[in-house]
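no sequence on hand, only this structure:
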């Protein structure tokens, strides 16, 4: 089924909100998930925060099992949030969209993150278990907190993608994690940057770091 939200949708504390079985949710107004609430997207669900909309996620959010969350408007993972994208789940920050991660964002177990708009990590972004992170096609990822790429996961900055590690931010790869600065990627590393325990760094053609 498909649901369009033109007004507001509130997930109260300790409540459960599920989008499942290939269903779609389009938010044109305001989505608010309160503290200690749970939102599950699984089995091919599709959720879109449209360009005129805003979303505020606190509590627990799971995007998994081939489901996807698309941000065309404004979204925020607040300080009490714990967000996990896993099992072929996908999170898209689309062109013109913005996402701020205040707390913990985990991309794990073949999860995918695509940044085509603007994304800011003030908390922690952790990629492990064959996760894939892409910053490309004009997208910008700003790390003011901490980001780690490990256990066969990859961060790729590609084709006019931009990555900035702020003065107090950190980026590291270890245990077979990989960081690719590839074709026409642009990166400024003002903060902490480290590779260790069999991590890989790749500098591709026309990339600037």
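Arrived safely, thanks for sending. All figures in this text were calculated on a predicted structure; none of them were measured in a lab.

partner residues bridging the nearest residue to residue 106 once chain neighbours are set aside?
Leaving aside its chain neighbours, residue 106 sits nearest to residue 84 (4.4 Å; criterion: C-beta to C-beta, 6 or more residues apart in numbering). Every C-beta, even on glycine, is put in place using the N, C-alpha and C of the backbone. For residue 84, the beta-bridge partners are residue 62, residue 106 (DSSP bridges).

what is residue 164 paired to in the beta sheet?
Note on residue 164: beta-bridge partners by DSSP bridges are residue 142, residue 188.

grab the nearest non-local neighbour of residue 87.
Using C-beta to C-beta, 6+ apart and skipping the chain neighbours, the partner closest in space to residue 87 is residue 64 (4.3 Å).

can you get me a residue count around that neighbour?
Residue 64: 21 surrounding residues under other C-beta atoms under 10 Å.

and it, what's its pLDDT?
Residue 64 carries a pLDDT value of 97.

follow-up on the earlier one: and the residue nearest to residue 106, what does it touch?
61, 62, 63, 64, 105, 106, 107, 108, 111 (C-beta atoms under 8 Å, 6 or more residues apart in numbering).

and these as CSV, adding distance to residue 198?
As requested, those are exported to CSV (distance: C-beta to C-beta, whole Å):
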residue, distance to residue 198
61, 32
62, 30
63, 29
64, 28
105, 24
106, 22
107, 20
108, 19
111, 22
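
for these, which one is nearest residue 134?
Taking C-beta to C-beta as the measure, residue 134 lies nearest residue 107 of these, at 10.7 Å.

now name the helix or strand holding residue 195.
strand 192-196 (DSSP states H and E).

ok, the residue nearest to residue 87 to residue 148 distance?
Distance, residue 64 to residue 148, using C-beta to C-beta, to the nearest Å: 21 Å.

ditto for residue 56
26 Å.

same question, residue 75
Separation of residue 75 from residue 148 (C-beta to C-beta) stands at 22 Å.

who has more neighbours, those two?
Shown here are residue 75 and residue 148; by other C-beta under 10 Å, residue 75 has more neighbours (25 against 20).

okay, that one: pLDDT?
Residue 75 is given a pLDDT of 98.

from memory it sits against residue 102, does it?
No. Residue 75 is beyond contact range of residue 102, at 11.2 Å (criterion: C-beta atoms under 8 Å).

I'd like the average pLDDT over the helix or strand hosting residue 134.
For residue 134, the host element (DSSP H and E) is strand 132-136. If you average the pLDDT over strand 132-136, you get 98.

for it, which outside residues touch it?
Strand 132-136 has contacts (C-beta under 8 Å, 6+ apart) with 107, 110-116, 125, 127, 141, 149, 153-163, 185.
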